[in-house]
Every structure is written in structure tokens, then in C-alpha cells.
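**Student:** Got a predicted structure plus its sequence, pasted below:
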Amino acid sequence: MVNERPTYLKIRVKNVPCSAEDGQIERSLEYHGCEVIKMYRERLRVDCFLSNCQTGDRIAMVAPLSKALPRSILIGKYRATVIHQGQENHNQAEISCNKCLQKGHKFSQCPNDWVCLHCNKQGHRQAECNLHLSERDDTEDDNSDDIYYYLPYSY
């Protein structure tokens, strides 16, 4: 028996203005390996009723994908956000903590101690780092004999 209701995947395309053509979005999805079956514009809901106002989001019904789409794709001159079921959030691995400099979590969730951006040692921040001060003092002492100061003559 032939499946009368094939399973389509619903893809939401965000951050593209209403003025952008749907064909441009469709071509971009096809470039990324989608077989677009149907595409429509999402309309704004007000008090649980659909209005005639478009939100700018596009909904594409596509054939099942062999691999997930990237979360962000370029459509014309716009950087669009693409969301669909089964898509992994790769941004979580790219998140970097400003406190301990490790990947995978944010500053607000960090259980670790501070790591200095200058010397990469734990226990202090870059503003509190003494390494660059001691290095500068050492180099000034070593080169103090080689430095000559020339003052302009006053006539």
C-alpha cells in the first residue's frame, strides 16, 4: 500500500524580511539539499486568531533530510536562522566561558576559578596579572645601558 500521507519536515526560516522573495529562500534551501514541497509565510496570531499581518518567518515543508541543516545560512544578503526538528544546537559547543576560558558553558554557570587571559594561569584575572609587570621590569633593567635619551637643544 502506498503511503497517502507522506511525512514532511517543517522548517522555519527566521530573520528574513517580508520584502525578500520566497523564491530566493526556496533556492537557498534547495542548495542545502532540501526538496521543498510547499512554502508559505507565517501570519501573526492575535488572541488565538490569525491576522492578515505577516511575521516575516517562512515555513517550508520539505521531504525528509539526509542530514540536518546548519542553524544559520546566508539567503541573499540576509543571515537567516533555520530551525527544524532533529537539528542539533552546535552553538552549545562553541560557547566559551569568559571566566575559565573553557568551552561548553557560560560565565553564569561556571564553577571554576578565574583564568588570566594574559598568562593562562588560574587564580587571577588579566587586570590582576603581575607577569607582564615583572617582564617589563626585567627588560627595562637589561636594556638600561643601551638606551640613550636625546633632548632637543634649546637656543
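**Tutor:** Now that the structure is in, tell me what you want to look at.
**Student:** and the next element down the chain from the longest strand belonging to the chain?
**Tutor:** Counting residues, the longest strand found in the chain (DSSP state E) is strand 49-62. Per DSSP states H and E, the first helix or strand lying C-terminal to strand 49-62 is strand 72-75.
**Student:** which residues are contacting that next one?
**Tutor:** 13, 16, 20, 24-25, 28, 32, 79-82 (Cβ atoms under 8 Å, 6 or more residues apart in numbering). Where you see a C-beta, it was placed from the backbone N, CA and C, and this is true even at glycine.
**Student:** secondary structure class for residue 26?
**Tutor:** helix (DSSP: H, G, I helix; E, B strand; the rest coil).
**Student:** Identify each buried residue in stretch 100-120, please.
**Tutor:** Across stretch 100-120, burial judged by 16 or more other Cβ atoms under 10 Å covers 100, 105, 114-116.
**Student:** again with stretch 14-26
**Tutor:** Quick answer for stretch 14-26 (16+ other Cβ under 10 Å): 16, 20, 25-26.
**Student:** one step back: okay, the contacts of strand 72-75 in CSV with secondary structure and distance to residue 72 next?
**Tutor:** Formatted as CSV, the contacts of strand 72-75 follow (DSSP: H, G, I helix; E, B strand; the rest coil; distance: Cβ to Cβ, whole Å):
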residue, secondary structure, distance to residue 72
13, strand, 11
16, coil, 12
20, coil, 16
24, helix, 16
25, helix, 14
28, helix, 12
32, coil, 11
79, strand, 6
80, strand, 7
81, strand, 6
82, strand, 7
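**Student:** ok, so of these, who is nearest residue 128?
**Tutor:** residue 79 (37.8 Å; Cβ to Cβ).
**Student:** Please report how far residue 8 lies from residue 57.
**Tutor:** Relative to residue 57, residue 8 is positioned 17 Å away (Cβ to Cβ, to the nearest Å).
**Student:** In the chain, what helix or strand scores lowest on average pLDDT?
**Tutor:** The weakest-scoring helix or strand in the chain, judged by mean pLDDT, DSSP states H and E, is helix 131-142 (a mean of 53).
**Student:** Would you mind measuring the gap between the ends of stretch 107-125?
**Tutor:** Terminal residues of stretch 107-125 are spaced 14 Å apart (Cα to Cα, to the nearest Å).
**Student:** ok, residues contacting that stretch?
**Tutor:** Contacts for stretch 107-125 (Cβ under 8 Å, 6+ apart): 97-102, 126, 128-129, 131-132.
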